[in-house]
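**Q** After the sequence you'll find the predicted model.
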Amino acid sequence: MTNDKQSTDEQPQFGETRSLQQLKTPIGTLHITKMEPRLSSGGMWAEGIIAGHRFCALTFSMPARHAEWEINRNSGISKLWLQRIDDQVVVYNWDRGLDMPPKTELAASIARLLADHLADFIWF
């Protein structure tokens, strides 16, 4: 569901596509395929597709108790899994710390982009 009149400060609905250009970023489009609240200790799981990659991320609206748990220490993301769709290779993984560095420049760019914008995109 796409709503061209929707403001960028509204929370996206499940299955909604919004262009990352709305966030003033240079890479493709972001398609959120699933959002699910994490009931145990807050946060929101977000799954989607971006630039030929599938991702799953745990996002938060508030900073982590330990800044080192978040990508770049201030991203609002404590877990991020990134998989290239074409061959299903996992190209990046963060789980409260770097488990797998980016395997390609594109994976690094996507991880940076999501770290810079995904939590804000989900929460604000």
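**A** Perfect, I can see it now.
**Q** what's the next secondary structure element after the helix or strand of the chain with the lowest mean pLDDT?
**A** The weakest-scoring helix or strand in the chain, judged by mean pLDDT, DSSP states H and E, is strand 17-19 (a mean of 46). Proceeding C-terminally, strand 17-19 gives way to strand 29-37 as the next helix or strand, assigned by DSSP states H and E.
**Q** and that next one, which strands flank it?
**A** Here the strand partners of strand 29-37, with direction, are listed using DSSP bridges: strand 17-19 (antiparallel), strand 44-50 (antiparallel).
**Q** could the ones you listed be laid out in JSON lines, adding distance to residue 76 and mean neighbour count?
**A** All C-beta spots, glycine's among them, are computed from the backbone N, C-alpha and C. Formatted as JSON lines, the strands paired with strand 29-37 follow (distance: least, CB to CB, whole Å; neighbours: other CB atoms under 10 Å):
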{"stretch": "strand 17-19", "distance to residue 76": "17", "mean neighbour count": "16"}
{"stretch": "strand 44-50", "distance to residue 76": "10", "mean neighbour count": "19"}
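**Q** which of these has the lowest average pLDDT?
**A** The stretch with the lowest mean pLDDT among the strands paired with strand 29-37 is strand 17-19, at a mean of 46.
**Q** Tell me which stretches of this structure form helices.
**A** Here the chain has its helices, by DSSP state H, at 105-123.
**Q** pLDDT weak spots in it?
**A** Under the criterion of pLDDT under 70, the regions of the chain flagged as low confidence span 1-28.
**Q** try it again with 80
**A** Regions of the chain meeting the criterion pLDDT under 80 cover residues 1-29, 41, 124.
**Q** ok so, going back, what about the strands paired with strand 29-37, which gets the closest to residue 91?
**A** Distance to residue 91, taken as CB to CB, is lowest for strand 44-50 among those, at 12.1 Å.
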